[in-house]
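**Q** Predicted coordinates and the sequence they were generated for:
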Amino acid sequence: MSEALRVAAIVGPTAAGKTALSLELAERTGAEIVSLDSMQAYRGMDIGTAKPGPEELGRVLHHMIDVSDPATEVTVAEFRNLARSSIDDIASRGRLPLLVGGSGLYFRAVVDDLRFPPRSADLRRRLETEADDLGAGALHDRLAGVDPVAASRIEPGNIRRTIRALEAIELTGALFSEFDSSWESYQSLYDLRVVGLRRDRPELYRRISERAEEMLAAGLRAEAEALADRGLSRTARQALGYRQVLEMPGAPEDEVLAAIVRATKRFARRQEAWFRADPRVLWLDASGPELLSAAEGHLRG
């Protein structure tokens, strides 16, 4: 069996400081960054995703940025395949792949050997129409009736995951929770080193609020509306910030800001819970004076 590729990763909640640390580490270790932010993969979704700008992209070579039109759905399996190709390309040139992102789902899909059930565009469209007609709660109730374990793992308001579970059940006749069993083992395909960034809740919440204010000041509303006019996939439309803007047309900016901050805080708590369950993550204080040296030491293995 061939030796596993060495891969490093920085994970943690949104606004924890992953981008700044990743740039410094990449420059010190000769790494190239692979973004695991699924929304940064969409062209034009720049402000609301805190996508790296020209200065950051000029400092370190990035992968998985602007790889798809936002009107086109990129599945987790498709994202995984593209990201793994980037990892192979980086390693083939003697560089270190540095994965950076806050989505536990996409992180594990890329680094671990997980099972993915089949898909059907026609079936998914039918379920999406039912969700529009009946509401997210009705479909979640249907899922709870056929696969209560899967339903307990999916928030009732997460219509995208609910539809995915119902789609898999209808296509395979198997429970969606059975496919989730491969997620219980934290065995990576790679020689993996992971750093997780943590911050005290008050500090993290302050940074989340400041980031949301900066995004709105930078033109998030105009960006979201322009993208919606050109067409957004259901997944892209659910992105933090974009969803709140598009669901609150004409609302005062302070109300939109409050909605974005509330949703982002909830998301950050889910991110922390997801990564806390992963025993491979070494947690470091993002505001600590020894952060860079500690992170570098761990990622170098």
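**A** All right, it came through fine. Residues are numbered from 1 along each chain as shown.
**Q** tell me what the helix or strand hosting residue 215 is packed against?
**A** Counting by DSSP states H and E, the element that carries residue 215 is helix 201-217. Here helix 201-217 touches helix 253-276, going by 3 or more Cβ pairs under 8 Å, 6 or more residues apart in numbering; DSSP states H and E. Using the backbone N, CA and C atoms, a C-beta is placed for each residue, glycine as well.
**Q** Could you pull up the mean pLDDT of the helix it packs on?
**A** For helix 253-276, mean pLDDT is 95.
**Q** Report the inter-axis angle for it versus helix 201-217.
**A** Orientation check (axes from the mean of the first three to the mean of the last three Cα atoms, to 10 degrees): helix 253-276 against helix 201-217 gives 130 degrees.
**Q** export helix 253-276 as CSV, just CAs?
**A** What follows is helix 253-276, C-alpha atoms only, in CSV (Å, rounded to 0.1, in the frame of the first residue of the first chain):
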residue,chain,number,x,y,z
GLU,A,253,-30.3,47.6,7.3
ASP,A,254,-30.2,47.2,11.0
GLU,A,255,-32.9,44.4,10.8
VAL,A,256,-31.0,42.6,8.1
LEU,A,257,-27.8,42.9,10.1
ALA,A,258,-29.5,41.5,13.2
ALA,A,259,-30.8,38.5,11.2
ILE,A,260,-27.4,37.8,9.7
VAL,A,261,-25.7,38.0,13.1
ARG,A,262,-28.3,35.6,14.7
ALA,A,263,-28.0,33.1,12.0
THR,A,264,-24.2,33.2,12.0
LYS,A,265,-24.0,32.8,15.8
ARG,A,266,-26.2,29.6,15.5
PHE,A,267,-24.0,28.4,12.7
ALA,A,268,-20.8,29.0,14.7
ARG,A,269,-22.2,26.9,17.6
ARG,A,270,-23.0,24.1,15.2
GLN,A,271,-19.5,24.3,13.7
GLU,A,272,-17.9,24.1,17.1
ALA,A,273,-20.0,21.1,18.1
TRP,A,274,-19.2,19.3,14.9
PHE,A,275,-15.4,19.7,15.1
ARG,A,276,-15.4,19.1,18.9
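**Q** if we can go back for a sec, mind checking what helix or strand follows the helix holding residue 215 in sequence?
**A** Next along the chain after helix 201-217, taking DSSP H and E as the criterion, comes helix 220-230.
**Q** ok, and what's touching that next one?
**A** 44-48, 70-71, 236-237, 241-242, 245-246, 253, 256 (Cβ atoms under 8 Å, 6 or more residues apart in numbering).
**Q** for residue 277, what are its contacts?
**A** Contacts of residue 277 (Cβ under 8 Å, 6+ apart): none.
**Q** 10 Å instead?
**A** 104, 183, 186 (Cβ atoms under 10 Å, 6 or more residues apart in numbering).
**Q** How about residue 70?
**A** 39, 41-45, 227-228, 230-233, 235-237, 239, 242.
**Q** For ChimeraX, what selects the buried ones among the residues you listed?
**A** A single ChimeraX command selects the buried members of the contacts of residue 70 (16 or more other Cβ atoms under 10 Å):
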select :39,41,42,43,44,45,227,228,232,235,236,237,239,242
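**Q** now, which of the contacts of residue 70 lie within strands?
**A** Among the contacts of residue 70, no residue falls in strands (DSSP state E).
**Q** Out of the contacts of residue 70, which sit inside helices?
**A** Among these, DSSP state H puts 227, 228, 230, 235, 236, 237, 242 in helices.
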